[in-house]
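A.B. asks: Next input, structure requested:
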Amino acid sequence: MTEFERVYRAYFDDVYRYILGLSGDAQAAEEITSETFFRAMRAIDRFRGDCDIRVWLCQIAKRCYYTSCKGKTVPMDEEKLAQCPSREHTPEERCMRLEEAAQIRAALHHVPEPYREVFMWRVFAELRFKQIGELFGKSENWACVTYHRARRMIQSRLEESADEQ
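C.D. replies: A predicted model of the protein is given here:
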């Protein structure tokens, strides 16, 4: 097994979950993850080792994802929406949750790095603070503090948006 095959096997699931969290679409996540590893394979000789390889791969994945999103609008699939399990009891409550999720994603775009990245690792990839700290070469405490600051930034942005309406 080559070194790249080991990297692929070790990090495929992490990259896939990260993109699935960003996109919310399993098929798109598979395609973008494949594209990510294709690009990584072509660029592996330029990887300097300044960061964890998982961070490098996810940065490639994030660029692939945003490139794939340019100029696209995603129609809401009513059938999939109806099949989604939900704790809410009424369609109105489900719509409110979807609207809140969209508002959080929009607010997240205004959060600066590294807060946005840490928030996405925690929420979308479901990494523990210790893992996030290791990705950035920082402590578990740093990751925890950074995540909570990101949450506050998002909350402030949501409150500002509510005040504007």
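
A.B. asks: what's the spacing between the spatially closest residue to Gln103 that is not a sequence neighbour and Arg152?
C.D. replies: In space, and not counting its chain neighbours, Gln103 is closest to Leu158: 5.9 Å by C-beta to C-beta, 6 or more residues apart in numbering. For every residue, glycine as well, the C-beta is placed using N, CA and C. Distance, Leu158 to Arg152, using C-beta to C-beta, to the nearest Å: 11 Å.

A.B. asks: Tell me which of those two has more neighbours.
C.D. replies: Taking neighbours as other C-beta atoms under 10 Å, Leu158 and Arg152 compare with Leu158 leading, 15 against 12.

A.B. asks: Under a three-state scheme, what state does that one occupy?
C.D. replies: helix (DSSP: H, G, I helix; E, B strand; the rest coil).

A.B. asks: do the same with Gly49
C.D. replies: With three-state DSSP as the basis, the three-state label of Gly49 is coil.

A.B. asks: and what of Arg149?
C.D. replies: Counting by three-state DSSP, the backbone at Arg149 sits in helix.

A.B. asks: Without its sequence neighbours, what residue ends up closest to it?
C.D. replies: Nearest non-adjacent residue to Arg149, counting by C-beta to C-beta, 6+ apart: Tyr115, 5.9 Å away.

A.B. asks: isn't that neighbour right up against Thr146?
C.D. replies: Yes - between Tyr115 and Thr146 a contact is recorded at 5.8 Å, counting by C-beta atoms under 8 Å.

A.B. asks: Which parts of the chain belong to which domain?
C.D. replies: As given by automatic domain parsing, the domain ranges for the chain are 1-70, 95-165.

A.B. asks: Now do the helices for this protein: every range, in order, please.
C.D. replies: In the chain, the helices defined using DSSP state H lie at 3-23, 26-43, 53-69, 78-83, 91-108, 115-123, 129-136, 140-164.
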